[in-house]
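Novice: A structural model of the following input is requested.
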Amino acid sequence: MRIRRITALDIGTTSVRAIIAEINAVPQAPQVVRILAACEAPNTGLVRGSVEDSPSVRSAIEYALVEATAQAQCDCDAAYVVVAGTHITCATGTGYAPIRNSARGATFRDISDALNATSSENTPVDELILHAIPAGFSIDSGEPVKNPIRLPGELLTATTRIISGSAPPLMRTARAVNSASVDVTEMVFAPLACAEAALFEDEKESGVCLLDIGSGTAGIAVYHRSLLQVAASLPICGSHVTADISFGLAMGRDAAEDLKLLAGHCCADLVGEYEVVESPAGEYKPPRLIRRKAIAQIVEPRMEELFQHAKTILMDTGFFHWQDASVVITGGGAKITGCAYLASQYFGVPARVGGPGKLPGLPNAFTGPEYSAAVGLAQYAAKHTAIEISTTGGDDPLRAFYEQVVEMVKRRIGRTE
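Specialist: Numbering: from 1, shown residues only. Below is the predicted model of the structure:
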């Protein structure tokens, strides 16, 4: 059995996580992902998802990769990379293609033509496109359908979610990775990576909002009928909660971060009046007793503000009209006690904390919600590598290329015949 190895890099505000995985390289065989290494290194060179101290980021990447390659007993010369930040936006693009045989209906080639013709007037020229993800089709401007194959008509319309980001911060990230002697295979928006690890297929079908709350960035990805409806960055993240605690309780940022995870609560009404915790000792301040309710009264309003930004985006998707819609929260912010409860109350739908599922070789230490992006990126990379494996080879290069296009389109619309 041939094996393909892939590397995933999650360059976060507080740490860099590196995962090396392998997948079976047998065309048409069931995909098996096995984690060979999962390592983490502290990082101080990122501010709100943007590289501000390139040497620090390079050192963190090198440290994580040295540990990972030693564990996996292999080299790494290229990696998939998670990116995030408020500069990343999502627009809707539309492409049109005539159906070659209107009586027999649309074919995979027609779909490919429509997808390739997709454009978006809303994408600025100084941005780099990260993803162009099919989000539905229609025949002759009729009702949207997920799969237009064999539907008769004259004109096929493809709708695509185009996710793009500002070129300067994305290029700084790429240069930081390159400076560690690693090429960038693909940059992946963080919520999409998290979705691979934390969401179930039935959730994507019935309607789900994935809310990724990191230390320096936050974002959402909304799915319905297994198609991406919208993806967006949010202006509020975990560091805002930490800053509020630091200011409100007159303590350092590090102590505030520890206190947030140790005793923070998103619902002040669920905290007893007389519950107290000992604050972490600061560099110049001894520990002191703090009412836990006072901490919750700081945390709750900021989390509600974050949820309000997400709710504003959801209002335009029809999310609140989907019968079985739900919310899944990932990232380090999901570890604050009561986060899922507050989300369920605020959005009026079931909510849960999501994280990586069980994968062969994945350490237990990497199963928390804060590791969703790193593990999900490895799964994303494995999925896209599997598409490449299943469509390469053969004696006819033109046929191999055509089969690759057809297979990719099949996977995008959920058809695998």
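
Novice: Please enumerate residues in contact with stretch 144-157?
Specialist: 94-99, 102-108, 110-111, 113-114, 136-142, 159, 225-227, 413-415 (C-beta atoms under 8 Å, 6 or more residues apart in numbering). Where you see a C-beta, it was placed from the backbone N, CA and C, and this is true even at glycine.

Novice: would you put the C-alpha positions of that stretch in PDB?
Specialist: The C-alpha trace of stretch 144-157 is given here as PDB (Å, rounded to 0.1, in the frame of the first residue of the first chain):
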ATOM      1  CA  PRO A 144     -31.900  26.200  -6.300                       C
ATOM      2  CA  VAL A 145     -30.800  22.500  -6.300                       C
ATOM      3  CA  LYS A 146     -27.900  20.800  -4.800                       C
ATOM      4  CA  ASN A 147     -27.300  18.400  -7.700                       C
ATOM      5  CA  PRO A 148     -28.300  19.500 -11.200                       C
ATOM      6  CA  ILE A 149     -27.100  16.400 -13.000                       C
ATOM      7  CA  ARG A 150     -29.600  15.300 -15.800                       C
ATOM      8  CA  LEU A 151     -32.000  18.200 -15.100                       C
ATOM      9  CA  PRO A 152     -33.100  19.500 -18.500                       C
ATOM     10  CA  GLY A 153     -32.800  23.200 -19.400                       C
ATOM     11  CA  GLU A 154     -30.800  25.700 -21.400                       C
ATOM     12  CA  LEU A 155     -28.700  27.600 -18.900                       C
ATOM     13  CA  LEU A 156     -26.900  26.300 -15.800                       C
ATOM     14  CA  THR A 157     -26.200  28.800 -12.900                       C
END
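
Novice: buried residues in it?
Specialist: Buried positions in stretch 144-157, judged by neighbour count with 16 or more other C-beta atoms under 10 Å: Pro148, Ile149, Leu151, Gly153, Leu155, Leu156, Thr157.

Novice: So for it, mean pLDDT?
Specialist: The average of the pLDDT scores along stretch 144-157 is 88.

Novice: now swap in stretch 168-177 and tell me
Specialist: Average pLDDT, stretch 168-177: 94.

Novice: which residue ranges form the helices in this protein?
Specialist: Along the chain, counting by DSSP state H, helices occupy 54-72, 108-116, 167-179, 190-198, 201-206, 238-248, 253-263, 292-314, 339-347, 372-391, 397-412.

Novice: Quickly, which of those bottoms out on average pLDDT?
Specialist: For the helices of the chain, where the average pLDDT is lowest is helix 397-412, sitting at a mean of 46.

Novice: Just the buried ones from the contacts of stretch 144-157?
Specialist: 95, 97, 99, 105-108, 110-111, 113-114, 136-139, 159, 225, 227, 413.

Novice: In CSV, list the buried residues of stretch 144-157 along with distance to Gly85.
Specialist: Putting the buried residues of stretch 144-157 into CSV (distance: C-beta to C-beta, whole Å) gives the following:
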residue, distance to Gly85
Pro148, 35
Ile149, 38
Leu151, 40
Gly153, 41
Leu155, 38
Leu156, 35
Thr157, 32
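
Novice: Show only the entries of those found in strands.
Specialist: Leu155, Leu156, Thr157 (DSSP state E).

Novice: if I look at the closest residue to Leu36 other than its chain neighbours, how far off is Leu65?
Specialist: Nearest residue to Leu36 in three dimensions, chain neighbours excluded: Ala72, at 3.8 Å (C-beta to C-beta, 6 or more residues apart in numbering). Counting by C-beta to C-beta, to the nearest Å, the gap from Ala72 to Leu65 is 10 Å.

Novice: Neighbour count: these two, which is higher?
Specialist: Using other C-beta atoms under 10 Å as the criterion, Ala72 and Leu65 rank with Leu65 on top: 25 against 22.

Novice: Surely the more buried one touches Ala18?
Specialist: Yes: look at Leu65 against Ala18 with C-beta atoms under 8 Å: they come within range, at 5.3 Å.

Novice: Touching both of these two, which residues are there?
Specialist: Here Leu65 and Ala18 share the contacting residues Thr7, Leu9, Cys39, scored by C-beta under 8 Å, 6+ apart.

Novice: contacting residues for the residue nearest to the last one when sequence neighbours are not counted?
Specialist: When you say that, I think you mean Cys39. Nearest in space to Cys39, with sequence neighbours left out and distances taken as C-beta to C-beta, 6+ apart, is Glu67 at 3.9 Å. Going by C-beta under 8 Å, 6+ apart, Glu67 touches Ala18, Ala37, Cys39, Ala41.

Novice: picking that back up, inside strands: which ones of the contacts of stretch 144-157?
Specialist: Filtering the contacts of stretch 144-157 for strands - DSSP E - leaves Thr94, Gly95, Tyr96, Ala97, Pro98, Gly136, Phe137, Ser138, Ile139, Thr159, Leu227.

Novice: Tell me how far the fourth one lies from Pro301.
Specialist: Separation of Ala97 from Pro301 (C-beta to C-beta): 50 Å.

Novice: Quick check: pLDDT value at Gly105.
Specialist: 89.
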